[in-house]
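Chemist: missing the sequence, but the structure's below:
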């Protein structure tokens, strides 16, 4: 794989909507770490934008805020390739966004070979609010989860390469 198509990290969210900023904050953190072979981008959640952004990528990690019945600050790692990715216990905080992109990509045959969602359980999404302390405290753990996932994928990729 060349560096451009190795791994892409997409941070989703809105900076002025409390816990919904988490995807953008993690994207900023991972970009600052300058991980070799990892491209980082971020934006508001839009299914068409997501599909276009991950087109041609071998591995994609999407970082977002999650809402379910778990405590605020809980880390989630979801593999949307395991089956239908629908709203519910593993839902993004966005309406027609990530879940729609995954399912449309599945129908079109346009999903990356590896796809993971790393999320932090949020609770506050009011316009003008700040990220909750529980979510802010979970940021380092989420960054570690992302780095571990990258190492895992790279190990799996090198195991797929035949040795002479």
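Modeler: All right, it came through fine. If you're wondering where the values come from, they're calculated on a predicted model, not measured in any experiment.
Chemist: what average pLDDT does stretch 8-18 get?
Modeler: Model confidence over stretch 8-18 averages 93 on the pLDDT scale.
Chemist: and if you look at stretch 78-92?
Modeler: Over the span of stretch 78-92, the pLDDT mean works out to 64.
Chemist: surely residue 22 touches residue 65?
Modeler: Yes. Assessed by C-beta atoms under 8 Å, residue 22 is found in contact with residue 65 at 4.8 Å. Yep, even glycine has a C-beta here, placed from its N, CA and C like the rest.
Chemist: any common contacting residues for the two?
Modeler: Among the neighbours of residue 22, those also in contact with residue 65 (C-beta atoms under 8 Å, 6 or more residues apart in numbering) are 13, 120, 122, 135.
Chemist: just send the residues you listed back as a markdown table, with neighbour count, distance to residue 79 and secondary structure too.
Modeler: Putting the shared contacts of residue 22 and residue 65 into a markdown table (neighbours: other C-beta atoms under 10 Å; distance: C-beta to C-beta, whole Å; DSSP: H, G, I helix; E, B strand; the rest coil) gives the following:
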| residue | neighbour count | distance to residue 79 | secondary structure |
| --- | --- | --- | --- |
| 13 | 29 | 21 | coil |
| 120 | 29 | 17 | strand |
| 122 | 26 | 20 | coil |
| 135 | 25 | 22 | helix |
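Chemist: any idea which helix or strand carries the residue positioned nearest the centre of the chain?
Modeler: Taking C-alpha atoms, centre = their mean, the centroid of the chain lies closest to residue 62, which sits 1.5 Å from it. Secondary-structure assignment from DSSP states H and E places residue 62 in strand 59-67.
Chemist: for that strand, enumerate the helices and strands it packs against.
Modeler: strand 7-12, helix 22-33, strand 91-92, strand 114-121, helix 133-159 (3 or more C-beta pairs under 8 Å, 6 or more residues apart in numbering; DSSP states H and E).
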